[in-house]
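J.: can't give you the sequence, but here's the structure:
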């Protein structure tokens, strides 16, 4: 059996949740699907799926192997597109990831405009507050708010954000804390004092702990406490006077924001078109938000 075809069946089974679903999706008989999985597992020498009568579950090796299979199938599809002369007309599906708040507020409207401008391109946007392996998970482009360490990625800087502490002006005489899970559950760190390299840490017991930026910001704006978030997440509230930034002289250095893509992906028309489209718009948007937040 052809190994690429077996990989397609394997990935389809994962997407559909069953071997029968893979057969229906690809128009293959149950026997052909079973042969494909047997061939693939025999070829790699390990079990890739744990099967029951109702479901399938990846083995530990299968998790890693499935990510590689997805990447191979994506690359093959892109190679076919390039060979067919589609370089001048971006098309196909582009996979993107971003942190939840910045993806919802900043990237999503720009992505809508991009899809309007390129009707032959579709998109999958994964909003995740975890670091995603772009290669393993088949992601074309990521929006990252962090100092980058992976030199195998192509990165374009589009802005920076501050980590700020905010409260409603009416609340600053009180000292209750609304803790955001991203910024510490029971302590906040601050830059070292002059002449020291050790960051300062302030311990606290929050009265309200929440994993939603919108909830933390809304509670702070309603006068119920101080919270720490990224500056772009409160730009509107600060501009309108509903929140006030405090301890600005004690902030950490701003974090850079980059558009990141695996090396080589920028040669793919849809990825190149998206990066060219999104970078100037993101730069303008982050600059506008920084101004609104008092940078």
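T.: Done, it's in. No experiment lies behind these values; they were computed from the predicted model shown. Residues are numbered from 1 along each chain as shown.
J.: where exactly do the strands run in the stretch 51-200 of the chain?
T.: Using DSSP state E, counting those that start in this stretch, the strands of the stretch 51-200 of the chain run over residues 56-58, 92-98, 121-127, 141-145, 153-161, 163-167, 178-180, 187-190, 200-203.
J.: So the closest residue to residue 107 other than its chain neighbours versus residue 127, what's the distance?
T.: Leaving out its chain neighbours, the residue that sits closest to residue 107 by Cβ to Cβ, 6 or more residues apart in numbering is residue 98, at 4.9 Å. Yep, even glycine has a C-beta here, placed from its N, CA and C like the rest. Distance, residue 98 to residue 127, using Cβ to Cβ, to the nearest Å: 6 Å.
J.: Looking at those two, which is more packed in?
T.: residue 98 (25 against 16; other Cβ atoms under 10 Å).
J.: thinking again about what came up before, wait, isn't the residue nearest to residue 107 in contact with residue 124?
T.: No. Contact criterion Cβ atoms under 8 Å: residue 98 and residue 124 do not qualify, at 11.9 Å.
J.: pretty sure residue 3 is in contact with residue 41, am I right?
T.: No. Contact criterion Cβ under 8 Å: residue 3 and residue 41 do not qualify, at 11.9 Å.
J.: who has more neighbours, the two?
T.: Between residue 3 and residue 41, counting by other Cβ under 10 Å, residue 41 is the more crowded of the two (19 against 14).
J.: Next, the contact list for the more buried one, please.
T.: 47, 48, 49 (Cβ atoms under 8 Å, 6 or more residues apart in numbering).
J.: In strands, which of these fall?
T.: residue 49 (DSSP state E).
J.: mind giving me CSV with the strands of the stretch 51-200 of the chain and columns for mean pLDDT and distance to residue 253?
T.: What follows is the strands of the stretch 51-200 of the chain, written out as CSV (pLDDT from 0 to 100; distance: least, Cβ to Cβ, whole Å):
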stretch, mean pLDDT, distance to residue 253
strand 56-58, 87, 41
strand 92-98, 91, 22
strand 121-127, 92, 26
strand 141-145, 92, 13
strand 153-161, 90, 9
strand 163-167, 88, 9
strand 178-180, 67, 19
strand 187-190, 78, 12
strand 200-203, 79, 15
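J.: would you list those in JSON lines and tack on distance to residue 231?
T.: Below are the strands of the stretch 51-200 of the chain laid out as JSON lines (distance: least, Cβ to Cβ, whole Å):
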{"stretch": "strand 56-58", "distance to residue 231": "40"}
{"stretch": "strand 92-98", "distance to residue 231": "17"}
{"stretch": "strand 121-127", "distance to residue 231": "20"}
{"stretch": "strand 141-145", "distance to residue 231": "11"}
{"stretch": "strand 153-161", "distance to residue 231": "5"}
{"stretch": "strand 163-167", "distance to residue 231": "5"}
{"stretch": "strand 178-180", "distance to residue 231": "14"}
{"stretch": "strand 187-190", "distance to residue 231": "15"}
{"stretch": "strand 200-203", "distance to residue 231": "19"}
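J.: Minimum distance to residue 72: which of these has it?
T.: strand 92-98 (14.7 Å; Cβ to Cβ).
J.: now the closest one, how far from the chain's geometric center?
T.: Relative to its parent chain, strand 92-98 has a centroid offset of 10 Å by Cα atoms, centre = their mean, to the nearest Å.
J.: For that strand, buried residues please.
T.: 92, 94, 95, 96, 97, 98 (16 or more other Cβ atoms under 10 Å).
J.: Could you check how far residue 189 is from residue 200?
T.: On the measure of Cβ to Cβ, residue 189 and residue 200 end up 7 Å apart.
J.: same check, this time on residue 132
T.: 32 Å.
J.: Same drill for the two, tell me which one is more crowded.
T.: residue 132 (15 against 12).
J.: Please name the nearest non-neighbouring residue to the more buried one.
T.: That would be residue 97: by Cβ to Cβ, 6+ apart, it lies 5.0 Å from residue 132.
J.: In this structure the one you found contacts residue 143, no?
T.: Yes. Counting by Cβ under 8 Å, residue 97 touches residue 143, with 7.4 Å between them.
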